[in-house]
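Peer 1: let's see this in three dimensions:
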Amino acid sequence: MGPFHKPVMVAEVADMLQPKPGGIYLDGTLGGGGHARQILERSSPDGLLVGIDLDEDALSESEKTLKPFGSRTILIRGNFAEMDRILRDLDIEKVNGILLDLGVSSHQLEDAGRGFSFSQEAPLDMRMDRRQAFNAHDLVNVFSRSELEKIIRDYGEEKMAGRIAKAITLKRKRSPIRTTTDLTRIIEGVVPAASRHRHVHPATRTFQAIRIAVNDELSNLREAIACGVKVLDRTGRFAIVSFHSLEDRIVKDSFRSLEKGCICPPDLPRCICGREGQLRILTRRPLVPRKEEVADNPRARSARLRTAERI
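Peer 2: Numbers count the residues shown, from 1 in each chain. So this is what the prediction gives:
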């Protein structure tokens, strides 16, 4: 794939999706096209792939990666939470497989201008879709102390959320917080050494929280799962790779709810809602990367793959 992005668990994802000739597959997080290429190879000679991504850089890169497959690819700039509308616009009623590879691409982290990483100085941005007006600078400099604390605590699972939110609001009274370096220094200044994990930078969780809030990632994930089940054909598979506990919990709980179907309170003697299960979970425990992959690509270490099949 070159320097743009190294996809994780490529073989495992393809094994779970089981692409077949003639099938239609949707990759909702196209990235550099690594997973998409594997899906197209396995669904040869006539499988079709619809690739979606918010990032114009990703679409440009994947267009080059997938060029050998010609008309078997349809690439769309959009949000995977709107996959039902996107497919409807393409006159596609059902698909045979869906992939969501969540998180930030290598390219986004390493492109200093995008502002995703605390390790490089850049304007506070963090937008997946640069057409979006709202960015990390707006969030950090405008949101109230209580709003910041809630975001950092809930989305970053950061124990020092209160201290960090207070420090941010004090600093911005003197001057706006403009860069990733400004924000990182604030966090480093209030997180005591005793509370720091030696393998995790103290700014990691706060940057994650702000990125999630800027891009509304968790709401989009919930919506994508709900939409995906509607457009997934019978025996079609839904594979999702997550990279932190918040995402993984949403995927696990959503799949379980869609497998169970019934939404009646557990103390009712019988079902009265009449809802049937829509999925069969194929991974009771998430699949994780092989040790060899983690050694080659340390960013893969937190990946978790869950898959379910439409019934």
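Peer 1: excluding its backbone neighbours, what's nearest A213?
Peer 2: I151 (4.9 Å; Cβ to Cβ, 6 or more residues apart in numbering). For every residue, glycine as well, the C-beta is placed using N, CA and C.
Peer 1: let's verify the closest residue to F243 other than its chain neighbours: helix, strand, or coil?
Peer 2: Leaving aside its chain neighbours, F243 sits nearest to G103 (4.1 Å; criterion: Cβ to Cβ, 6+ apart). Counting by DSSP: H, G, I helix; E, B strand; the rest coil, the backbone at G103 sits in coil.
Peer 1: need the contact list for G103.
Peer 2: Listed by Cβ atoms under 8 Å, 6 or more residues apart in numbering, the contact set of G103 reads 241-244, 247.
Peer 1: quick one: name whatever helix or strand follows the helix or strand of the chain with the lowest mean pLDDT.
Peer 2: The weakest-scoring helix or strand in the chain, judged by mean pLDDT, DSSP states H and E, is helix 106-110 (a mean of 78). Using DSSP states H and E, the next helix or strand after helix 106-110 towards the C-terminus is helix 136-142.
Peer 1: quick one: mean pLDDT for stretch 34-52?
Peer 2: Stretch 34-52 shows an average pLDDT of 98 in the prediction.
Peer 1: what's opposite L49 in the beta bridge?
Peer 2: In this structure, L49 bridges to Y25, T73 when assessed by DSSP bridges.
Peer 1: would you mind measuring from it to G23?
Peer 2: According to Cβ to Cβ, to the nearest Å, L49 and G23 sit 9 Å apart.
Peer 1: and those two? which has more neighbours close in?
Peer 2: L49 (27 against 20; other Cβ atoms under 10 Å).
Peer 1: show me what contacts that one?
Peer 2: 24-27, 36, 39-40, 43, 66, 69, 72-74.
Peer 1: just the closest of the contacts of G103 to L183, please.
Peer 2: Ranked by distance to L183 (Cβ to Cβ), the contacts of G103 are led by H244 at 19.3 Å.
Peer 1: test my guess that that closest one contacts Q208.
Peer 2: Yes: because the distance of 6.7 Å satisfies Cβ atoms under 8 Å, H244 is recorded as touching Q208.
Peer 1: of those two, who's got more company?
Peer 2: Applying other Cβ under 10 Å to H244 and Q208 shows that Q208 carries more neighbours, namely 22 against 17.
Peer 1: okay, the residue lying farthest from the centre of the chain: pLDDT?
Peer 2: Distance to the chain centre peaks in the chain at P269, reaching 38.8 Å (criterion: Cα atoms, centre = their mean). For P269, the model assigns a pLDDT of 72.
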